[in-house]
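Visitor: One predicted model, sequence on top.
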Amino acid sequence: MVDSIPNEDVRNKLVDTLRTVTAGKIYVEVERARLTKRVVEKLEQAGKIEEARTMIMELQVETFGSMEVKEKVTYLLHQMRLSIVQKDFLRAAIISRKISTKFFENPDENVSFHLLE
C-alpha cells in the first residue's frame, strides 16, 4: 500500500506514522522492520550514515519468529555493513555471530546488498 502512494511526502509521513503505531507490537514486528529498512535506505542515500546506523540497530531481528531466515540474514548484513562503515568493528563482530554459517552452505540461498562507496 505504501508504494501505491504517488506523493513522496505523503508516503514518508505514512511510513513514519506506521512505524510509530507499530512500535512495541510483536504481531507487526516484521512489518515495522521492513518500514525501518526503507527509511534507513533513504537516510543512506541522503548521506546520513550515522542516523541510518542508529535506526537500523534499534531492531533485534534475530528474535523475530515470523521473519524468514533469508530476510533476517539480509537485515543483519545491512546492520554489519553500516557498523563497518562507521568503523564499529566490535559491533559488526557481535552481529556476525547472530548469523548461522549453515545459511551460506545452501546454494539456493542468495543474499545480496549494496556497498557504500
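Guide: Perfect, thanks for sending it.

Visitor: how about the helices in this protein?
Guide: With helices called from DSSP state H, the chain shows them at 8-22, 29-45, 49-57, 69-85, 89-96, 102-105.

Visitor: Now do the second one: distance to the chain's middle.
Guide: The gap between where helix 29-45 is centred and where its chain is centred comes out at 6 Å by CA atoms, centre = their mean, to the nearest Å.

Visitor: what's that helix packed up against?
Guide: helix 8-22, helix 49-57, helix 69-85 (3 or more CB pairs under 8 Å, 6 or more residues apart in numbering; DSSP states H and E). (Glycine included, C-beta is placed from N, CA and C.)

Visitor: Mind putting the helices of the chain into TSV with distance to residue 63 and mean neighbour count?
Guide: Formatted as TSV, those follow (distance: least, CB to CB, whole Å; neighbours: other CB atoms under 10 Å):
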stretch	distance to residue 63	mean neighbour count
helix 8-22	16	13
helix 29-45	9	18
helix 49-57	14	17
helix 69-85	10	19
helix 89-96	13	14
helix 102-105	17	10
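
Visitor: Using TSV, please lay out these together with distance to residue 2 and mean pLDDT.
Guide: Shown next, in TSV, are those (distance: least, CB to CB, whole Å; pLDDT from 0 to 100):
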stretch	distance to residue 2	mean pLDDT
helix 8-22	6	87
helix 29-45	8	91
helix 49-57	17	92
helix 69-85	17	91
helix 89-96	27	94
helix 102-105	28	82
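
Visitor: mind giving me a markdown table with those and columns for distance to residue 1?
Guide: Output for these, formatted as a markdown table (distance: least, CB to CB, whole Å):
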| stretch | distance to residue 1 |
| --- | --- |
| helix 8-22 | 8 |
| helix 29-45 | 11 |
| helix 49-57 | 22 |
| helix 69-85 | 19 |
| helix 89-96 | 31 |
| helix 102-105 | 30 |
